[in-house]
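# need coordinates for the following:
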Amino acid sequence: PLSVKLFTLRGSFFIMQISKDRRQNRFMKIKIEIDDGLAEEEIVIRCKSLSEDVISIQKRITDAVNSRMQLEVSRGEKEYYITIDEILFFETEASGVVVHTANQIYETKYRLYELEDLLPGNFVRVAKSTILNASKVRAINKNITGASEVEFAGSNKKVFVSRNYLKLLQTLCNNNRKQW
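Predicted coordinates:
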């Protein structure tokens, strides 16, 4: 596993020690800039190349941010706030857009095109009426002549992927796998 240690240098400057093996220590500078004029927070990673370490750091940051993001959903008259990470997929039904977690189904006030703009990069449209969380995909059962079927980790729920979106989903799933 990747070992990461942070050392404060001066105020908002940090040095991060990164090592997979204690004999091969590498160091990376981290700089935090506070700007009151920013409309929203952003994290920029500058690197010489897109190494495994940089990808791992980006994934850890993304996971930390996404684990706190919540979406307001409802079931009946009751409102819930679920974390984005709990969501397997969104799909359009006659009543509107429904949200599927491993064990529940909720409704949301958002349209799919609005969700595409709001959700992090691990969510991808896979059909005209479906957006799924690629980090929750366990298997893709390919069908050359039509829609392929996706199975989710920790659930028996399945969803179909249009041929037009299959390659994008496969690329995203492969990228997620490489980040581990």
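# so where's this protein shaky on pLDDT?
When residues are selected by pLDDT under 70, those of the chain lie in 1-30, 66-67, 175-180.
# can you tell me the SS state at residue 45?
coil (DSSP: H, G, I helix; E, B strand; the rest coil).
# what's stretch 142-151 in contact with?
The contact list for stretch 142-151, computed with C-beta atoms under 8 Å, 6 or more residues apart in numbering, reads 126-127, 132, 137-141, 158-163, 166, 169. Heads up, the C-betas are built off the backbone N, CA and C, glycines and all.
# end to end, how far does that stretch reach?
One end of stretch 142-151 to the other measures 11 Å (C-alpha to C-alpha, to the nearest Å).
# buried residues in that stretch?
147-148, 150 (16 or more other C-beta atoms under 10 Å).
# how about the strands in this protein?
3-10, 13-19, 26-31, 70-75, 78-83, 87-93, 96-101, 105-108, 123-127, 130-133, 137-141, 148-152, 158-161 (DSSP state E).
# using CSV, lay out these together with distance to residue 41.
Shown next, in CSV, are the strands of the chain (distance: least, C-beta to C-beta, whole Å):
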stretch, distance to residue 41
strand 3-10, 19
strand 13-19, 17
strand 26-31, 15
strand 70-75, 17
strand 78-83, 18
strand 87-93, 22
strand 96-101, 25
strand 105-108, 24
strand 123-127, 20
strand 130-133, 23
strand 137-141, 29
strand 148-152, 30
strand 158-161, 32
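# so what's the backbone phi/psi at the residue nearest in space to the middle of the chain?
In the chain, the C-alpha nearest the mean C-alpha coordinate belongs to residue 122, at 3.5 Å (C-alpha atoms, centre = their mean). Main-chain dihedrals, residue 122, degrees, to the nearest 10: phi -80, psi 0.
# what do you get for residue 128?
phi -60, psi -30.
# one step back: of the strands of the chain, which is nearest residue 63?
Among the strands of the chain, strand 78-83 comes nearest to residue 63, with 11.4 Å by C-beta to C-beta.
# what's the burial count for the residue lying closest to residue 84 once chain neighbours are set aside?
Leaving aside its chain neighbours, residue 84 sits nearest to residue 69 (4.4 Å; criterion: C-beta to C-beta, 6 or more residues apart in numbering). With neighbours defined by other C-beta atoms under 10 Å, the count for residue 69 comes to 13.
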